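A.B. asks: Pasting a predicted model and its sequence here:
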Amino acid sequence: MTKNTPLFCILIVFLVLSCTTDQTLDRKNTKNRIVELQEKSRQTTADSTLFYLKKAATLIQSTLPVSDSLNLENNYLIGLYYSKLGNIDSASAYHYKAIDRIKDSIKTKREYTYIYNAWITHKQLQEYGECIAIAKRFESLITEKDYTNKLRLYYLYLQTYIATQQYEEALKYADLRIKMYTDNKDAENVTTATITRTEIQYLYQNDKKGAYQTLDELLSKKDSLDNDQKRHLYIQYGYYLHLDQKFNEARDYYHKGLYAIKQLDKTPFYTKEYARIYANLGEVYLDLKKYDSAKIYLDKALQEDILNTSEITRSDILSYKLRYAQEINASYKETQKYLDTITKYQNARYEERYTKDLKSLESSYKEREKLQSQKQQAEIEKLKVRAQLLLVAIISLILIGLGGYFYKKRQRTFDTMSLQMQQRLLRSQMNPHFTFNTLYAIQNTIKKDPQGAVDYLLKFSRLLRLILENSTNNYVLLEKELESLRKYMDLQLLRFPDTFEYEIKLHTLEEDELIFIPPMLIQPFIENCIEHAFKGIDYKGKITLTLSLSEKKRFLECRIEDNGVGIQKNKNNHKASVSTDLIKEFIEKATKQKITDVNKKDLDASTSGVITTFLIPYKLTEHD
């Protein structure tokens, strides 16, 4: 399993990346679809607008996350839709949802638009407490140095306090606006803000004198004003004079305002201003009983693209026309003409709305069919992609599993063959070493004891035959291996008589049990004891070999103990240590357990010798 971990990790990464890619694509497609629906809602009216926005809201509320900006925009657009329908309650609810998600600070002009529309809908509902709450929320989102938004904030407070008849508070914020414009040397807006302040004085505080004084101060500086500022100033002055029934003076100021606006480019905003000025002139001439002039300016007001002027201005123009007809005692036909004009205007408005509604319904129906078809196609494509990913994942899992299985099997076979080859190589290295030592001993014995040499050679030949027989197999019976060890140690006793004695102990197993172990694993350690452990001692040496079944399955625990000189820092027989090191490497690879050598003096200072412990793998059959 450990060797296959990288493969499974690759599979997991593949699946995660597949799912992540799928989710990323879905998220991107969802975002694009929401933006598309919102754009369509802006290009249509009536039912289709709400249909697109509700569809976008459904996508926003789906499991895939989208940015807050899309959610804010969608709630804002739904609020606008209800505002146009006159359903201010619903509009205020959605506009409030839009600002509820604005966090930390105002970052874009669009976010202020959300706040302003939330404020204006609550103002229309006369929910002034909510207006103040929205203004305070806005205030918490702007910094002290945010010049533009602070001016906007003051405007919200100003208009709210006017509506609640808290004129002192209103004047405070009007003065704050003027101060900010003055500090920033914004002369144009200083004039506009100052004129707005006079509305509070004149209309709400009945401080007509203060209002006129302020306007007179501005008039004294009229040469420094641009045409738009003059337009605003003259028309506002004329309006107050008109309310005070100073009709001739009001007329003169209206004309001055008309002259100023004619010096400006005729933008859609100024088109509405033209209609308003002409309507004001028409009314003041009616008040002056100058009906010819009144008719001229009222007709001009009607010519100024009346459908694009405000509802209030349109209503005023038509009512002034009807008043004109009544005051000149116009004939029935003349009065009927003006009534027909009003009716025609109303019909035009109804027809316009009716036509838009029909187009919206038709567009909505077609869009529903298109959306349904797109949704079905998208679901089919999504199912196809998921089915393909699932199939690829299953096939990949099967292939990786099979690959892992065969790889592990092949690796196990390779490891086994490698160990067996190494084992045979070790035996081929140890046999010449042992043979050389024995022949050398026989050669020395021939000179001293010819008969002993013959016995020595006979025993050596039997041992050599047994070793060669065992060496041909990877595993031999425990009984045969112990027999070869006994013969080897008996042969060494002939070579070194009375030098040592040996003992073989078996725990938790019998010698004749069907247990097979690799041959020639124990012999190098026994040889090492005989050749090195007993050199220089003045007492009889002893080798004790103990074999027992290990707690680990399929292993024998081997313990070789001697009472020799112990582990020395300087080894005299380098060849013997090399042989032992080779067999140690093989045992460690086969058992995954290191061989331990313990110096008995480290355990008990009154003793000497070495205890060597290691594991031997075993099988229950020769070819297991």
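C.D. replies: Looks like it arrived, so ask away.

A.B. asks: quick one: buried residues of stretch 381-395?
C.D. replies: By neighbour count on 16 or more other Cβ atoms under 10 Å, the buried set for stretch 381-395 is Leu389. Every C-beta, even on glycine, is put in place using the N, C-alpha and C of the backbone.

A.B. asks: which SS class is the residue nearest to Ser484 when sequence neighbours are not counted?
C.D. replies: Ranked by Cβ to Cβ, 6 or more residues apart in numbering and with sequence neighbours excluded, the top spatial neighbour of Ser484 is Leu466, at 4.8 Å. Recorded secondary structure, Leu466: helix (DSSP: H, G, I helix; E, B strand; the rest coil).

A.B. asks: now Lys542
C.D. replies: strand.

A.B. asks: For it, report the pLDDT, please.
C.D. replies: Looking at Lys542, its pLDDT reads 94.

A.B. asks: Span of stretch 235-252 from start to end?
C.D. replies: Stretch 235-252 has an end-to-end distance of 10 Å (criterion: Cα to Cα, to the nearest Å).

A.B. asks: what about it, average pLDDT?
C.D. replies: Here the average pLDDT along stretch 235-252 is 92.

A.B. asks: From the chain's centroid, how far away is that stretch?
C.D. replies: Relative to the chain's own centre, stretch 235-252 is displaced by 65 Å; criterion: Cα atoms, centre = their mean, to the nearest Å.

A.B. asks: May I have stretch 400-413 exported as CSV, CA atoms only?
C.D. replies: Below are the C-alpha coordinates for stretch 400-413, written out as CSV (Å, rounded to 0.1, in the frame of the first residue of the first chain):
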residue,chain,number,x,y,z
ILE,A,400,-4.2,2.1,-11.0
GLY,A,401,-5.5,-0.7,-8.8
LEU,A,402,-4.4,-3.4,-11.4
GLY,A,403,-1.1,-1.6,-11.9
GLY,A,404,-0.5,-1.4,-8.2
TYR,A,405,-1.3,-5.1,-7.8
PHE,A,406,1.0,-6.3,-10.5
TYR,A,407,3.7,-3.8,-9.5
LYS,A,408,3.6,-5.0,-5.9
LYS,A,409,3.6,-8.7,-7.0
ARG,A,410,6.5,-8.1,-9.4
GLN,A,411,8.4,-6.1,-6.7
ARG,A,412,7.8,-8.9,-4.2
THR,A,413,9.1,-11.5,-6.7
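
A.B. asks: Now do whichever strand or helix holds Leu70: which elements does it pack against?
C.D. replies: Assigned by DSSP states H and E, Leu70 falls within helix 68-85. Contact partners of helix 68-85 among helices and strands, from 3 or more Cβ pairs under 8 Å, 6 or more residues apart in numbering; DSSP states H and E: helix 5-42, helix 46-60, helix 88-100, helix 109-124.

A.B. asks: circling back: check the residue nearest to Ser484 and give its pLDDT.
C.D. replies: 77.

A.B. asks: So what's the residue count around it?
C.D. replies: Residues contacting Leu466 under the criterion other Cβ atoms under 10 Å number 18.

A.B. asks: if I pick it, what's in contact with it?
C.D. replies: Lys480, Glu483, Ser484, Lys487 (Cβ atoms under 8 Å, 6 or more residues apart in numbering).

A.B. asks: for Lys185, same thing?
C.D. replies: By Cβ under 8 Å, 6+ apart, the contact set of Lys185 is empty.

A.B. asks: quick one, phi/psi of it?
C.D. replies: Note on Lys185: backbone dihedrals following degrees, to the nearest 10 are phi 50, psi 40.

A.B. asks: now it: how far from Tyr147?
C.D. replies: To Tyr147, Lys185 is 12 Å away according to Cβ to Cβ, to the nearest Å.

A.B. asks: How about Tyr405?
C.D. replies: Tyr405 is 73 Å from Tyr147, by Cβ to Cβ.

A.B. asks: now Ser396
C.D. replies: 61 Å.

A.B. asks: Equivalent analysis for Thr267, please.
C.D. replies: Thr267 is 26 Å from Tyr147, by Cβ to Cβ.

A.B. asks: Of those two, which one has the most company?
C.D. replies: Taking neighbours as other Cβ under 10 Å, Thr267 and Tyr147 compare with Tyr147 leading, 15 against 9.

A.B. asks: Pretty sure that one sits against Met180.
C.D. replies: Yes - look at Tyr147 against Met180 with Cβ atoms under 8 Å: they come within range, at 7.0 Å.

A.B. asks: got any ranges where the stretch 451-600 of the chain has weak pLDDT?
C.D. replies: Within the stretch 451-600 of the chain, the set of residues satisfying pLDDT under 70 comprises 471-472, 569-579.

A.B. asks: Would you state the strands of it in chain order?
C.D. replies: With DSSP state E, counting those that start in this stretch, the ranges of strands along the stretch 451-600 of the chain come out as 476-477, 500-507, 516-517, 541-549, 555-562, 596-599.

A.B. asks: picking that back up, what residues of the helix holding Leu70 count as buried?
C.D. replies: 70-83.
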